[in-house]
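S.K.: Below are the sequence and a predicted model for it; my questions follow.
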Amino acid sequence: MIKALDKQPRQRRNRIMLAIALIGAIAGVVVAFISLRIENSLLGLPIAFAALGLSLLSLHATRRWWGDVDEAVREAHKTGWYWGGSVGLGVAGGIAALLFTLEPTVSLRQFAVFPGDAGLIATGILLATVLAFIGYGVCWAGWWLKHGR
């Protein structure tokens with residue numbers, strides 16, 4: 001499939017690879033939610049292999065896309081991830097520090113998106129990821145507003 005992309009115009013190839021990356025990301029989220037529902041079954045192993053395969057395909061598509069984009073797009077993404085992602089993770093760290101100020105009688109389970117102890121960890125990871133993406137998006141948009149074409 002990838003060799004067939006080489007014959008496509010650059011813009012169409014980029015759209016196809018972006019679609020592959022988005023499908024991989026959506027599939028990863030779906031697999032994560034399914035795996036939360038499945039405890040210990042043989043169905044978990046094929047799902048994990050499918051997720052690995054989709055992740056590798058998505059990573060390959062992203063790598064090829066990165067090689068095709070111009071320097072302005074690269075700089076916008078690098079700036080967004082470095083500054084925006086760092087600020088988002090800093091906010092997540094600040095929230096984590098604030099949680100330590102709560103009284104020991106306050107249960108954090110009320111904030112968990114998923115049940116159980118693993119749900120608390122997954123909620124923290126999800127929060128940090130979402131805040132990093134928000135920071136990235138704001139910084140990326142700011143870069144384009146400042147250096148727009």
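M.R.: Nice, thanks for sending it over. Numbering: from 1, shown residues only.
S.K.: Need the residue closest to the centroid of the chain.
M.R.: Most central in the chain under C-alpha atoms, centre = their mean is residue 129, positioned 6.6 Å from the mean C-alpha point.
S.K.: Next, the buried residues of the helix or strand encompassing it.
M.R.: Element membership for residue 129, per DSSP states H and E: helix 116-147. Residues of helix 116-147 classed as buried: 119-120, 122-124, 127-128, 131-132, 135-136, 139-140, 143 (neighbour count, 16 or more other C-beta atoms under 10 Å). For the C-beta atoms, the positions are set from N, CA and C on the backbone; glycine is no exception.
S.K.: With respect to residue 48, which of these is nearest?
M.R.: Nearest to residue 48 among those is residue 122, at 16.1 Å by C-beta to C-beta.
S.K.: Grab the nearest non-local neighbour of the closest one.
M.R.: Spatially, and ignoring its direct neighbours in sequence, residue 122 is nearest to residue 114 (5.0 Å; C-beta to C-beta, 6 or more residues apart in numbering).
S.K.: neighbours of the one you found, just the number please.
M.R.: Around residue 114 sit 15 other residues, with neighbours defined as other C-beta atoms under 10 Å.
S.K.: quick one on the thing from earlier: and the pLDDT for the residue nearest to the centre of the chain?
M.R.: pLDDT, residue 129: 92.
S.K.: Ok, residue 1 next?
M.R.: Residue 1 is assigned 45 on the pLDDT scale.
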